[in-house]
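**Student:** Requesting a structural model of the entry that follows:
(chains A, B, C and D)
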There are 2 protein chains.
Amino acid sequence: MLQADPLRERIVSLFDAMSPQLRQAARYIIEHPQEVALVSMRELARNAGVQPSTMTRLAKFLGLAGYDDIRAHHAEAIRFRVDGFAARAMQTEESEEDMAAAQLSRRMLQGLAAQIARLTEPASLERLTAAADRLAQARRIFVLGLRSCHSVAWHFHYVMTLLGEKTIHLDGPADTVGDGLIRAGAQDVLLAISINPYALHSLELAQLAREKGLGIIAITDSEVSPLVGLADIAILCSTESQSFFHTLAPALAISEVLCGLLANKDRTAALAALQRADRHLLSLNTYATAIPRRRI
Amino acid sequence: MLQADPLRERIVSLFDAMSPQLRQAARYIIEHPQEVALVSMRELARNAGVQPSTMTRLAKFLGLAGYDDIRAHHAEAIRFRVDGFAARAMQTEESEEDMAAAQLSRRMLQGLAAQIARLTEPASLERLTAAADRLAQARRIFVLGLRSCHSVAWHFHYVMTLLGEKTIHLDGPADTVGDGLIRAGAQDVLLAISINPYALHSLELAQLAREKGLGIIAITDSEVSPLVGLADIAILCSTESQSFFHTLAPALAISEVLCGLLANKDRTAALAALQRADRHLLSLNTYATAIPRRRI
DNA sequence: AACGAAATGCAACATTTGTTTTATGTGATA
DNA sequence: TATCACATAAAACAAATGTTGCATTTCGTT
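**Tutor:** From the prediction side, this is the model:
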């Protein structure tokens, strides 16, 4: 609430020009900004000790169309504080219609950045470190992410293969996705990634893993995700975006943090493993830094 | 945000006993707690995709007198949070090792958020919209991302399959990665994703595509990436992270923005396509929202 | 003191709100 | 298949909301 706030400043600057009743209303709004968004205008007027019409008149006095503008502004301020610096206004329907592409892009990116930044809340960090501990203890890590979540699952698996052979990616053609679990046991952990809408197969496999005694770490999108009940630890990521689709960027960020934490548990071993992987890939000519001269 | 909250816990614990519509309403409330206090019930219902009556029924189902109890509770939560962040700093009673882990996590996440936020610079936005335009014009889009970039390529492809059949994912077993380009021509575009160290195969395929006359859009990590010279448009994303590994979160964000921009070009068509995809997947029983009862 | 203008209170208005009632659909049971 | 119970959608409802017009009061000016 200490941020620059144009409406607030306007109220203050025009305060001296107001009538006594307007001042009383304005003073109450300045001193109880959050109440404006939380109660009805009539109740606010009652609490401020003025007539309802005074609130409307105050809005017009400020050059606004009506009281709703005041409320909308204060509601936005609350959202702003909760979401960090995200520009909200997702449900504004019509504005999205004619939004310039650049504007849509900016909004999407800012939203993503805010969602990732929100993962730094203590509750999330605790779950992240707990999950990393559990994964570190496991004999093997089975990684499961179907459909849209495949990208996250595969990324985690890929990075982990650079570190060692601990992970097994539950994926494959011809409906062999779950075959990896054949030899899974109580010493192992399943890292399951699934977001709404939840792939049925993911849930089935997670439950199977549970029955087999595996520990389960979930990356999912809600406290009421079906994975939460199955998992020992569930890390939550928001998936909402200003476009048609869900976003997986926060989920990917979580996956990357888990990799980072795991590597950090034994930095020298991680470094050695990475060097070995480097040598291997180098000897296979996997990488290049310039456009290759094509053969023939 | 994730503090102990009796009503919240009650919703979660009773979630499994709810009907589908009640669940949808409850899920939205769980995932958007602040909105409950900031908008009217009818608008909340609209955003949650349920009937207004469902909100009332949810309140009664939870043992409350009416919806106003739900709103009052969430409003109270917002009022309390005003100085809640002082209390939050106190509750961190972690071991030193966890402390370090949490610190690393926070640093990584903040870094990722900042990198994505930096993509909103005008130069990036221009390239993004130009790339989207080019992709929209193309007859087909070939998507190429190997090794670590597979996750981004696949995510782009997956989302685009929900919209139509425009993309072809250059991937496959048994060294058939490049086969998709056999029938590629000048009307097509290659979306190539590659970051340092650049997979040799990606560069070879990009060059082949160039020779075949395809347009090339690149998502890569540097102005001096070998892809920049090949590409018509190169979108740059930073990949540095506070850990051992490169991050792909910004690249994924770019991919998501491109999808969003493409869908935005014809919103009604996109909506129709998504609905058709929905129906298809629904009829295949692909998704579930609860733990499935396992067969035998 | 009297006038006029501005400020204020009050009541009626059209909307919108949350709720309840009434149909309609849907899926399980016998 | 028929039946029943239940979940859902649609419509109707009273209560409240924000707004407006008008009457009253207040206050400065003459």
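**Student:** quick one: secondary structure of residue A:21?
**Tutor:** What DSSP: H, G, I helix; E, B strand; the rest coil gives for residue A:21 is helix.
**Student:** Setting aside sequence neighbours, what's the nearest residue to it?
**Tutor:** Using Cβ to Cβ, 6 or more residues apart in numbering or on different chains and skipping the chain neighbours, the partner closest in space to residue A:21 is residue A:54 (5.0 Å). C-beta coordinates here come from the backbone N, C-alpha and C atoms, glycine included.
**Student:** could you say which helix or strand contains the one you found?
**Tutor:** helix A:52-61 (DSSP states H and E).
**Student:** other SSEs contacting that helix?
**Tutor:** helix A:20-31, helix A:41-48, helix A:67-82 (3 or more Cβ pairs under 8 Å, 6 or more residues apart in numbering or on different chains; DSSP states H and E).
**Student:** Now do the contacts for residue A:102.
**Tutor:** B:122, B:125, B:126, B:128, B:129 (Cβ atoms under 8 Å, 6 or more residues apart in numbering or on different chains).
**Student:** and if we set it to 7 Å?
**Tutor:** Counting by Cβ atoms under 7 Å, 6 or more residues apart in numbering or on different chains, residue A:102 touches B:125, B:129.
**Student:** got it, and residue A:69?
**Tutor:** Counting by Cβ under 7 Å, 6+ apart, residue A:69 has contacts residue A:59.
**Student:** Give me the distance between it and residue B:195.
**Tutor:** 46 Å (Cβ to Cβ, to the nearest Å).
**Student:** hang on, the earlier thing: quick one: the helices and strands packed on helix A:52-61 as a markdown table, columns for mean pLDDT and distance to residue B:48 too.
**Tutor:** Converted to a markdown table, the helices and strands packed on helix A:52-61 look like this (pLDDT from 0 to 100; distance: least, Cβ to Cβ, whole Å):
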| stretch | mean pLDDT | distance to residue B:48 |
| --- | --- | --- |
| helix A:20-31 | 87 | 30 |
| helix A:41-48 | 90 | 25 |
| helix A:67-82 | 84 | 17 |
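**Student:** Could you say which of these is packed most deeply?
**Tutor:** The highest average neighbour count among these, using mean count of other Cβ atoms under 10 Å in any protein chain shown, belongs to helix A:67-82 at a mean of 18.
**Student:** near DNA strand C at all, that one?
**Tutor:** No - using Cβ under 7 Å from any atom of the strand, we find that helix A:67-82 stays clear of DNA strand C, coming within 9.7 Å at best.
**Student:** Would you mind getting the angle between that helix and helix A:20-31?
**Tutor:** 20 degrees (axes from the mean of the first three to the mean of the last three Cα atoms, to 10 degrees).
**Student:** Identify the residues contacting the residue of chain A at minimum distance from DNA strand D.
**Tutor:** At 2.2 Å from DNA strand D, residue A:66 is the closest residue in chain A, using Cβ to the nearest atom of the strand. For residue A:66, the contacting residues are A:56, A:59, by Cβ under 7 Å, 6+ apart.
**Student:** picking that back up, ok, the residue nearest to residue A:21 to chain B distance?
**Tutor:** 23 Å (Cβ to the nearest Cβ, to the nearest Å).
**Student:** who in the stretch 51-200 of chain A is up against DNA strand C?
**Tutor:** Checking the stretch 51-200 of chain A against DNA strand C by Cβ under 7 Å from any atom of the strand, the hits are A:51, A:52, A:53, A:54, A:57.
**Student:** what's the most distant pair in those?
**Tutor:** Maximum pairwise distance among those (Cβ to Cβ): 9.8 Å, between A:52 and A:57.
**Student:** just to revisit the earlier point, can I get the helices and strands packed on helix A:52-61 in CSV including distance to residue B:163?
**Tutor:** Converted to CSV, these look like this (distance: least, Cβ to Cβ, whole Å):
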stretch, distance to residue B:163
helix A:20-31, 46
helix A:41-48, 44
helix A:67-82, 30
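**Student:** Relative to residue A:7, which of those is closest?
**Tutor:** helix A:67-82 (5.0 Å).
**Student:** Residue A:280: neighbouring residues, count only.
**Tutor:** Neighbours of residue A:280 under the rule other Cβ atoms under 10 Å in any protein chain shown: 11.
**Student:** give me the element it is part of.
**Tutor:** helix A:267-283.
**Student:** Distance of residue A:104 relative to DNA strand C?
**Tutor:** 27 Å (Cβ to the nearest atom of the strand, to the nearest Å).
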